[in-house]
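>>> Need a 3D model of the sequence below.
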Amino acid sequence: MQTKLELINKILSLENKPSLEAVEELRIHGWLADGSLRGVALCQAQLEHADLMGADLRNVDFHQSNLDLADLSKARLNGAKLNRASLQRANFDQADLTYADLYKANLQGARNLTNEQLSHVNQLLGAILPDGKVYSGCFNLQGDLGRARWAKVNIDDPKAMAEFYGVTLEVYMSSHNHGAFAMA
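Numbering: from 1, shown residues only. This next block holds a predicted model:
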C-alpha cells in the first residue's frame with residue numbers, strides 16, 4: 001500500500017493514468033475529503049476525467065493543470081489556484097469556488113457552473129467562460145480590480161476597463177448595465 005504522500009506525489013507524474021489511479025486510491029482511503037490535499041501544489045497535474053466529487057481542494061494550486069471533464073461536483077475549491085488551468089466540460093455542480101483564482105482559466109463547456117458560483121471567485125480576468133466567450137468583468141471581482149489597479153488602469157473609466165478585460169466597450173457596458181452574465 002502506498003502512503004498518502006506517495007499517492008499525492010503520483011498525481012504529479014504528469015501522466016493522466018497514474019494521476020487518476022492516485023486520485024482513486026486517495027478516495028478509497030478517505031483522503032480526498034478529509035483535507036489531506038488542502039494547500040498542496042498540484043501544478044500541471046493531468047487530471048482529465050478525474051473523479052474529484054466532494055473533494056476538499058481548498059487552497060490547492062492547480063496552476064496550468066488539465067481538469068477537462070473532471071467531476072468537481074460538491075468539491076470545496078475555496079481559494080484554489082486554477083490559473084491557466086483547463087477545465088473544459090468539467091462538472092461544477094454545487095462546487096464551492098469562493099475566492100478561487102481562475103485567471104486565464106479555460107471553462108469552455110463547463111457544466112453546472114452558475115453565475116452565483118462565479119460571482120464569488122477572486123479572479124476571472126482572461127478566462128474563457130462556458131459559452132466560449134471571454135469574461136467581461138461583469139462581477140467586479142476583487143482580484144481582477146486589484147490587478148487593474150496594480151496595472152495602473154483607471155477602474156472608473158469604462159473604456160480603460162473594457163480594454164483591460166479584452167472586450168469591446170459595448171460588451172463591457174452591457175455586462176455592467178444588466179448585472180447579468182454578459183460576456184464578449
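
>>> Can you give the domain ranges for the chain?
1-132, 135-184 (automatic domain parsing).

>>> which of the residues in the longest helix anywhere in the chain are buried?
In the chain, with assignment by DSSP state H, the single longest helix is helix 16-28. Residues of helix 16-28 classed as buried by neighbour count (16 or more other Cβ atoms under 10 Å): 16, 19-23, 25-27. Placement of C-beta: from N, CA and C, glycine included.

>>> Next: stretch 143-154.
143-145, 147-148, 153.

>>> repeat for stretch 71-80
Under 16+ other Cβ under 10 Å, the buried positions of stretch 71-80 are 71-80.

>>> State the mean pLDDT of that stretch.
For stretch 71-80, mean pLDDT is 98.

>>> Return the distance of the residue nearest to Arg111 when sequence neighbours are not counted relative to Ala70.
Nearest non-adjacent residue to Arg111, counting by Cβ to Cβ, 6 or more residues apart in numbering: Asn91, 4.8 Å away. Applying Cβ to Cβ, to the nearest Å, the value for Asn91 to Ala70 is 7 Å.

>>> neighbour-wise, which of those two wins?
Ala70 (28 against 21; other Cβ atoms under 10 Å).

>>> what's the distance between that one and Ala110?
Taken as Cβ to Cβ, the span from Ala70 to Ala110 is 10 Å.

>>> what sits in contact with each of those two?
87, 90-91 (Cβ atoms under 8 Å, 6 or more residues apart in numbering).
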